[in-house]
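Colleague: Below: sequence and its predicted model.
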Amino acid sequence: MCIFLTLNDFQLSKKWIRSLFFGFLVSFASFYTVKAQVATPKRTISIDFNKSSGPLNTMFKECIGAGRANEGLRADWQQQLAYVKKECGFKYIRMHGLLTDDMAIYKEDNKGNAEYNYQYVDALYDYLLSINVKPFVELGFMPSALASGNKTIFWWRGNVTPPKDYNKWEALIYNLTAHFTERYGAEEVKTWYFEVWNEPNLDGFWAGTQDEYFKLYASAAKAIKRVNNDYKVGGPATAGAAWIPETIAFCKQNNVPIDFASTHSYGVNQGFLDEFGNSGTVLSKDPMAVSGDVINSRKQIQNSAIPNIELHYTEWSSSYTPADPMHDSYHQAAYILDKLKQSGTAPNSMSYWVFTDIFEEAGPRFTPFHGGFGLLNTQGINKPAFYSYQFLNRLGETELTNTDTRSWAAKNSKGDVQMLFWDFTYTDGGEGVNNQQYYIRDLPAKAKGKTTVSVSGMPKGNYRLELYKVGYKANDAYATYTEMGKPSQLTRQQLNEIKSKNDGKPFVTEKVSIRGNGLFTKEIELRENDVILVNLVRL
């Protein structure tokens, strides 16, 4: 049967038609909204308490960077390092400028004879060892009395020219190494690393050629080994993961000792040296930025004539300039974890550059947040990046088997369980917008749905569940600073307010009882670039 209806039959008004059409649109939109919600993949991280993948790889806290040696004589620098050591567990520290004039180690008398002085170096190293931090000794830059030219870098004028006399250079390194041995003992110095120079593949850092660097390296390495053959020496400490095959080949062909290869990587698309951030940096969209370099460097070593030496990335971060606001942003926390996880077992260490904004390559900075490299700002405020390392340091010594690529799971000898997971979502301001323009903005994070964390096989009993977070306006000191109007200087009240609002305390604390089935499960809301630490403490 067919029924034919007309508008006249129903005497429809235009208003009724509009209402009908609007209702259809609402229903259509609701249908696709529900469909989109259903289509969103749900993330589940499932762990078995009894399935271990072995000891936790702690390459992430083997070493941390600092600006220059002379800054290490400051009281506030030392206080911040002690705090970072306590909270993040770093074992070594590497810095520029050990041999630079402001450390007063070298001069010559009027007959050209060398005079050595290690009072400042001793004060610095005595302090480091007193808080159980070992030096990763970077040998540079050139004392002006030994330099062949006047070319310098940075506000503090590190001389980057080759030595005027390579025999005197070798004698300096020998004398310094012998002094360390006398003061700290050979068994202690055997645990150190000696790295020759910094980024000699960049004209700004080395005024010589590659061959001249190899000559510099050979002289230093032989001097160190003459003091004790068990001391560890390496290089080339290049920018951009360069020169590793060439350095190993040179050492092999010329019987020059090398115990480790070192290099650097930063996750931006352009250049390698920008003291002031004037050129503008843009975060690379390559999902394997930084970590791809690390993995390739390990392959280069394995394919070389000396395939078993260690690999140390003695500088790395998202950006190579101390004027990049991403360093201050909540995005940096997830970025750090993503790159460390991707790098896996390829490096022996990944030394984040640097632990503090007390860092004067471009001179003293004039604002509390200026895109500095540090985990802490100049006043000791924890940035989001700090919490990445603090959370990593809270992982137990045994890693649990885990197939989720953006998380770690671990347990400790007490039976406590930790799960650290995050979202990393690349965001930018579009074509032509650089980091200096983008990361100073208020950047709310979009929802990424719920993540279910599940641990089976847990011993039954009572636990305290602690949930910690870093993300947009969660331990996000820069956001608090922005809400204050970005004052150029902080009052004591403002400093204390920023610290208290971003103090890293758990956002959830509750008691959990594990029954006979040994299962713990929890749903947790996640946003773009959130970092979550789940800590189950056995009571």
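Modeller: Here it is on my side, so go on.
Colleague: Quick check: beta-bridge partners of residue 531?
Modeller: Beta-bridge pairing for residue 531 (DSSP bridges): residue 422, residue 470.
Colleague: got a list of what it touches?
Modeller: Contacts for residue 531 were tallied using C-beta atoms under 8 Å, 6 or more residues apart in numbering; they are 333-334, 337, 384, 387-388, 391, 420-422, 469-471. C-beta: built from backbone N, CA, C; applies to glycine.
Colleague: can you tell me how far it sits from residue 89?
Modeller: 17 Å (C-beta to C-beta, to the nearest Å).
Colleague: Specify which member of the contacts of residue 531 is nearest to residue 104.
Modeller: residue 388 (36.6 Å; C-beta to C-beta).
Colleague: quick one: low-confidence ranges for this structure?
Modeller: Scanning the chain for pLDDT under 70 picks out 1-41, 270-277.
Colleague: Any idea which residue is closest to the centre of it?
Modeller: In the chain, the C-alpha closest to the average C-alpha coordinate belongs to residue 352, at a distance of 3.5 Å (C-alpha atoms, centre = their mean).
Colleague: I'd like to know how many residues surround the closest residue to that one other than its chain neighbours.
Modeller: If you skip the residues right next to it in sequence, residue 352 has residue 64 as its closest partner in space, 5.8 Å away by C-beta to C-beta, 6 or more residues apart in numbering. By the measure other C-beta atoms under 10 Å, the count of residues near residue 64 is 29.
Colleague: Contacts for the host helix or strand of residue 64 next, please.
Modeller: According to DSSP states H and E, residue 64 maps onto strand 63-68. Under the contact criterion C-beta under 8 Å, 6+ apart, strand 63-68 has outside partners 72, 77, 81, 84, 88, 90-97, 100, 102, 136, 154, 156, 158, 312, 314-315, 349-356, 358-361, 373.
Colleague: Could you do stretch 483-493 as well?
Modeller: Counting contacts by C-beta under 8 Å, 6+ apart, the residues outside stretch 483-493 that touch it are 366, 367, 368, 369, 379, 481, 494, 497, 498.
Colleague: likewise stretch 183-195?
Modeller: Counting contacts by C-beta under 8 Å, 6+ apart, the residues outside stretch 183-195 that touch it are 92, 94, 122, 125, 129, 134-139, 177, 180-181, 220, 224, 228, 230-235, 237, 259-260, 262, 312, 314.
Colleague: Among those residues, which ones are in strands?
Modeller: Per DSSP state E, strands hold the following members of these: 92, 94, 134-139, 232-235, 237, 260, 262, 312, 314.
Colleague: The nearest residue to residue 407 once chain neighbours are set aside: what's it in contact with?
Modeller: In space, and not counting its chain neighbours, residue 407 is closest to residue 421: 3.6 Å by C-beta to C-beta, 6+ apart. Neighbour list for residue 421: 45, 404, 406, 407, 408, 451, 453, 531, 532, 534 [criterion: C-beta under 8 Å, 6+ apart].
Colleague: again, only using 6 Å
Modeller: Residues in contact with residue 421 (C-beta atoms under 6 Å, 6 or more residues apart in numbering) are 45, 407, 532.
Colleague: List just the nearest of those to residue 266.
Modeller: For the contacts of residue 421, the closest approach to residue 266 (C-beta to C-beta) belongs to residue 407, at 24.7 Å.
Colleague: Phi first, then psi, for that closest one.
Modeller: When quoted as degrees, to the nearest 10, the phi and psi of residue 407 stand at phi -160, psi 160.
Colleague: okay but it is in contact with residue 45, surely?
Modeller: Yes: here residue 407 lies in contact with residue 45, judged by C-beta atoms under 6 Å, at a distance of 5.4 Å.
Colleague: Residue 482 and residue 528: what is the separation?
Modeller: Using C-beta to C-beta, one obtains 18 Å as the distance from residue 482 to residue 528.
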